[in-house]
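Enquirer: please work out how this folds:
(chains A and B)
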Amino acid sequence: MIPGKYRSVSGRAANNVNCGLHLVIQTSSLPEKSKVEFKLNKETPSFPGRLLQHDLERNYSSRQGDGRVISPSPRNKSSCISSTTNVTDLCGLEMKTTMSSLSAFGDSSFQTPSKSRTRQGCHSAGPNVSGDHINLASSSMPSFPILQRSSEEKILYSDRLTLERQKLTVCPIIDGEEHLRLLNFQHNFITRIQNISNLQRLIFLDLYDNQIEEISGLSTLRSLRVLLLGKNRIKKISNLENLKSLDVLDLHGNQITRIENVSHLCDLRVLNLARNLLSHVDNLNGLDSLTELNLRHNQITFVRDVDNLPSLQRLFLSFNNISTFESVCCLADSSSLSDITFDGNPIAQESWYKHTILQNMMQLRQLDMKRVTEEERRMASVVAKKEEEKKRESHKQSLLKEKKRLTINNVARKWDLQQHRTPNIATNQDTKVSDSPSQDPSQLHGSAVVSAFPEETGSLDSGLTSALQGLSVTDTHLVEVDGDTLSLYGSGALESLDRNWSVQTAGMVTTVSFTFIEFDEIVQVLPKLKMKFPNSLHLKFKETNLVMLQQFNALAQLRRVDQLTIDPQGNPVVNFTLWKYYVLFRLSHFSMQKINGTEVTQNDMIMAERLFGILAHVASSELPQYRLISILGDARKKQFRYLLETKGKKPGLVNEENNDSKRLVGENTNRATLNYTTRDFYNERLEEIKEKKKFCKMYMEDLVKEATDINMKNEALQKLWPQMFIELVRDAVIEIRNKNSYMKLCLQQITDQK
Amino acid sequence: MLSPERLALPDYEYLAQRHVLTYMEDAVCQLLENKEDISQYGIARFFTEYFNSVCQGTHILFREFSFIQATPHNRASFLRAFWRCFRTVGKNGDLLTMREYHCLLQLLCPDFPLELTQKAARIVLMDDAMDCLMSFSDFLFAFQIQFYYSEFLESVAAIYQDLLAGKNPNTVIVPTSSSGQHRQRPTLGEASMLEGVEASLFYQCLENLCDRHKYSCPPPALVKEVLSNVQRLTFYGFLVALSKHHGINQALGALPDKGDLMHDPAMDEELERL
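Expert: Numbers count the residues shown, from 1 in each chain, chains lettered A, B, ... in the order given. Sure thing, here's the model as predicted:
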């Protein structure tokens, strides 16, 4: 059963006068016997009451036939209703493409070719009901004309009535047509729906292009399945409560500002709200069967609830005011949606539009009436992935920034605690907390920021909040490479020097900054620093507890230092008058260029030499050699021995090789004796020395005792010797006084021996 | 070689008193510490060098504090080394804080205790305003007294406190016949009214102390000279006077006179060469 206006879809579209609603209700072909002759009786004097009675009777009597018509469950397979609503909405330039796209569109709206064929059939079979066969009688009633058809017409089109272009201003009273299933009031001037409540079998009601201001008078039409109210003056969707079987509702071209009172229409499959005044889309709950929703030409800025439409396949949002994907993001959650249009929205102008849509709505088959190809989908996913990454990156960045700030704060807090524990070094700590963390993060805005946090970076992927919560107080250090600067916060950060740094990163780093780390701890990693970051030229120290001049000695072991920045914060040594000169003196082999940002002048160098040169001289020339050797590290011993060997030679003989080796090592030996051992290490050494001293003391005691004993004995001997000598001589003299007896005695002794 | 005292003491005590044992122990200790290096160039040579450096006073360079303060000779050597190395700082006219001087000391002796430097600074700065700047010579002479005579000064401080409190320390420490006289002299009212203690009484106590003190102390004659100029004096006044007395400086023998403090032609020559 097709209303006449749908016979030639393309023709109407070209005229752009109509909102086409393709309707195909496929039923078993109408039985011939139910054809009723329409009869128009001008003289019908009936009043509404009687008419109603009449209608009811008819209704009752023809129930049998009706049942047969409806019985094949039209909502399901037997009927196919589709709309080509957007035909009319195409305007301007788009009109040119209408013809081609239209056919495609039309095809696609039918699920199977067979149905399409059915439609064709319906077209041709559609009755062409014209006004010629109908007589409208101005009744005696004040304003309602009474309509009657001739009996042959009634027989011919027993279930349909078309009152197209009849210049009707009100609905006529339709008498004796209770079995009507299709009623057409297109193109009239009707302002109010009335006098049709008796047509309870009505399935199709077309009031397109009238002047209706309110939906009303439909409460009895329980069987109504197609209601066309396009191009009217309706401001509000209302009074549809009883139309539970409604299948198609066309409200395009009205003045509706919001979607409401439709949640009970669980059978509704097509809803057309194009060309209204909607500013947003929501309240779509309960429309469980809705497959097509037309919202073109509204002022919609955001869409909600679409994910509550389980059957929605086609959604037309062209020519609205949607500018971000976020405002329609619920679309991504709809699994059934396969066809969507966004053309004519600000969003469609964006470069990311297509990719984003396709990426977020994988189920989409058509976008803006063009089939989504695999290629596009792939592209979209690639681009979207990239964007996602970008987004994540920036998210990560901000996270990192925040994390960095917190970590630094935490490190600062810890540092302060630590410093309070050693009160003799504590200085202006109150300012530390507030100042230090705020000024550092600004360094982050570099090109290549590779931040490494002690915690695993994987957790950053989760949401910002959760990640921030994950920022525990256990973060005690921070390592950051920003361009050419390596920044270390907290003593734990020093461990990062053990890590495998890429050659490129390591090569790039020219500035190393230490904050909140004990200088003594830094000293221990300096050899590593020298190895891992061979190009580091600029050292920065802040809050590192530099308190003594000799601590600078430790820096001499580095390969090169061009610049040194010692922040007065947490480094009391900077308050000394001499510190700069000492640095220049001790690190003279680096020929430094800047200290704390100030250019080093020749005068500074001379001054440094004058102040400390003697120290170096004394240290090198007056130390006993064995001390020199032990003080200079193993590495320098070789060089030192070499120097010793060449010392004997005349200066002129010192060959070039020697000069080279000197230059290579660079550092003056006389300065090398000035080195720094960290406090802990030094104390350890003192302990060791103590042990050794103990042993030496005992050893010496024994030795000295022995020596004094011997000495004593010696002295005693010295005293006794003269007397002893005399006695010896006397004994000898007495023995040989009697020559004969002595000879006898000697002889006796010889014989005894034999 | 053999002084007459040598015969008065048993050998061991004599060696100990003359600190020979200290140096011998230290030499062995050093040998032990650097045995690999030393064995390479000869133990005899090591001992020669060691005792040569002891004689020259260069043995204390960069050594631990416990060794540096072990003998008067070491102390004097350290004072001299300090003066020689940082004379240029004074020559340059820089005024430094106590902490900075301490840092300079630590350049020569890494574990030099802050306490000693503080005490020396107190002599210059009179107790308060410890962060003030000091001239090199002021600090050096004060430091000399404090460092060289530190044990003696501690005893003096104890005596001074006792005197201030009205006790005569001599009665407690050494019960001699003279104690009776001392006790009568200072009346409590006088002592509390006037600042410090009476110089002559103070001297008597100090003389007594010098007699029995086993650590080095300034020559009593010079102390007498210092104390004879005034009627009463405070502890720090006494220290200042000691530190400014060039006789004591000469007796100590580590540093040149104040006037010549900035002169060290040999070193200047070396410096020029650098």
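
Enquirer: helices or strands next to the helix ranked longest in chain B in the packing?
Expert: Scanning chain B for the longest helix, with DSSP state H as the assignment, gives helix B:72-91. If you count contacts as 3 or more Cβ pairs under 8 Å, 6 or more residues apart in numbering or on different chains; DSSP states H and E, helix B:72-91 packs onto helix A:602-621, helix B:65-68, helix B:98-108, helix B:136-148, helix B:265-273. Bear in mind the C-beta positions are built from the backbone N, C-alpha and C, glycine included.

Enquirer: worst mean pLDDT among those?
Expert: Note on those: helix B:265-273 shows the lowest mean pLDDT, a mean of 74.

Enquirer: if you count neighbours, what's buried in that helix?
Expert: If you call a residue buried by 16 or more other Cβ atoms under 10 Å in any protein chain shown, then helix B:265-273 has these buried ones: B:Met267, B:Glu270, B:Leu271.

Enquirer: so where's the stretch 1-150 of chain B uncertain?
Expert: Flagging of the stretch 1-150 of chain B using pLDDT under 70 yields the residue ranges B:1-9, B:127-129.

Enquirer: distance from the chain centre to stretch B:46-54, please.
Expert: Its chain's C-alpha centre and that of stretch B:46-54 lie 24 Å apart, by Cα atoms, centre = their mean, to the nearest Å.

Enquirer: show me the contact partners of that stretch.
Expert: With Cβ atoms under 8 Å, 6 or more residues apart in numbering or on different chains as the test, stretch B:46-54 has contacts from A:622-627, B:23, B:27, B:30-31, B:38, B:59, B:73.

Enquirer: please tell me how far A:Ala619 sits from chain B.
Expert: Look at A:Ala619 and chain B: by Cβ to the nearest Cβ, to the nearest Å, they are 7 Å apart.

Enquirer: what count of nearby residues applies to that residue?
Expert: 26 (other Cβ atoms under 10 Å in any protein chain shown).

Enquirer: in space, what's closest to it - neighbours in sequence excluded?
Expert: Nearest residue to A:Ala619 in three dimensions, chain neighbours excluded: A:Thr673, at 4.3 Å (Cβ to Cβ, 6 or more residues apart in numbering or on different chains).

Enquirer: my understanding was that that neighbour contacts A:Gln625; is that so?
Expert: No: contact criterion Cβ atoms under 8 Å: A:Thr673 and A:Gln625 do not qualify, at 11.7 Å.

Enquirer: who has more neighbours out of the two?
Expert: A:Thr673 (21 against 16).

Enquirer: so how far is A:Leu555 from that one?
Expert: 15 Å (Cβ to Cβ, to the nearest Å).

Enquirer: for the helices and strands packed on helix B:72-91, give me JSON lines that also has distance to A:Asn198.
Expert: Below are those laid out as JSON lines (distance: least, Cβ to Cβ, whole Å):
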{"stretch": "helix A:602-621", "distance to A:Asn198": "111"}
{"stretch": "helix B:65-68", "distance to A:Asn198": "120"}
{"stretch": "helix B:98-108", "distance to A:Asn198": "110"}
{"stretch": "helix B:136-148", "distance to A:Asn198": "122"}
{"stretch": "helix B:265-273", "distance to A:Asn198": "127"}
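
Enquirer: ok, back up a step: near chain A, from the buried residues of helix B:265-273?
Expert: Counting by Cβ under 8 Å from any Cβ of the partner chain, B:Met267, B:Glu270, B:Leu271 from those sit close to chain A.

Enquirer: from the residues you listed, pick the one nearest A:Leu564.
Expert: B:Leu271 (25.0 Å; Cβ to Cβ).

Enquirer: mean confidence score for the helix or strand that A:Phe541 is a member of?
Expert: Using DSSP states H and E, A:Phe541 sits in strand A:538-542. The average pLDDT within strand A:538-542 is 89.

Enquirer: show me what the helix or strand following that strand pairs with in its sheet, parallel or antiparallel.
Expert: The C-terminal neighbour of strand A:538-542 among helices and strands, as given by DSSP H and E, is strand A:563-566. Sheet pairing for strand A:563-566, assigned by DSSP bridges, gives strand A:538-542 (parallel), strand A:594-595 (parallel).

Enquirer: give me the angle between the next helix-or-strand element following strand A:563-566 and helix A:602-621.
Expert: Toward the C-terminus, strand A:563-566 is succeeded by helix A:579-586 as the next helix or strand (DSSP H and E). If you take axes from the mean of the first three to the mean of the last three Cα atoms, to 10 degrees, helix A:579-586 sits at 60 degrees to helix A:602-621.

Enquirer: list the contacts of helix A:579-586.
Expert: Helix A:579-586 has contacts (Cβ under 8 Å, 6+ apart) with A:549, A:552-553, A:555-556, A:564, A:566, A:573, A:592, A:595-596, A:600, A:604-605, A:607-609, A:611-613, A:616, A:671, A:674.

Enquirer: just name the most buried of the strands paired with strand A:563-566.
Expert: Compared across these, strand A:538-542 shows the largest average neighbour count, a mean of 21 (mean count of other Cβ atoms under 10 Å in any protein chain shown).

Enquirer: please parse chain A into its domains.
Expert: Split into domains by the TED database, chain A comes to A:374-418, A:478-633.

Enquirer: for PyMOL, write a command that selects the buried ones of the contacts of helix A:579-586.
Expert: Buried members of these, defined by 16+ other Cβ under 10 Å, are picked up in PyMOL with:
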select buried, chain A and resi 549+552+553+555+556+564+566+573+592+595+600+604+605+607+608+609+611+612+613+616+671+674
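
Enquirer: and A:Val270, what pLDDT?
Expert: Per-residue pLDDT puts A:Val270 at 92.

Enquirer: close enough to count as contact, it and A:His252?
Expert: No: look at A:Val270 against A:His252 with Cβ under 8 Å: they stay out of range, at 11.1 Å.

Enquirer: does A:Gln550 touch A:Thr677 like I think?
Expert: No: between A:Gln550 and A:Thr677 there is no contact under Cβ under 8 Å: 9.1 Å.

Enquirer: these two: who's more crowded?
Expert: Set A:Gln550 next to A:Thr677 and count neighbours by other Cβ under 10 Å: A:Gln550 wins out with 21 against 16.

Enquirer: what's the spacing between that one and chain B?
Expert: A:Gln550 sits 5 Å away from chain B, going by Cβ to the nearest Cβ.

Enquirer: A:Glu701 now?
Expert: 8 Å.

Enquirer: report pLDDT for the nearest residue to A:Met361 once chain neighbours are set aside.
Expert: Nearest residue to A:Met361, sequence neighbours excluded (Cβ to Cβ, 6+ apart): A:Ala332, at 5.5 Å. According to the prediction, A:Ala332 has pLDDT 84.

Enquirer: equivalent analysis for A:Val479, please.
Expert: pLDDT, A:Val479: 80.

Enquirer: circling back to that earlier point, of A:Val270 and A:His252, who's got more company?
Expert: Using other Cβ under 10 Å as the criterion, A:Val270 and A:His252 rank with A:His252 on top: 28 against 25.

Enquirer: I'd guessed A:Val281 sits against A:Ile300; true?
Expert: Yes: when contacts are counted by Cβ under 8 Å, A:Val281 is listed as touching A:Ile300 (5.7 Å).
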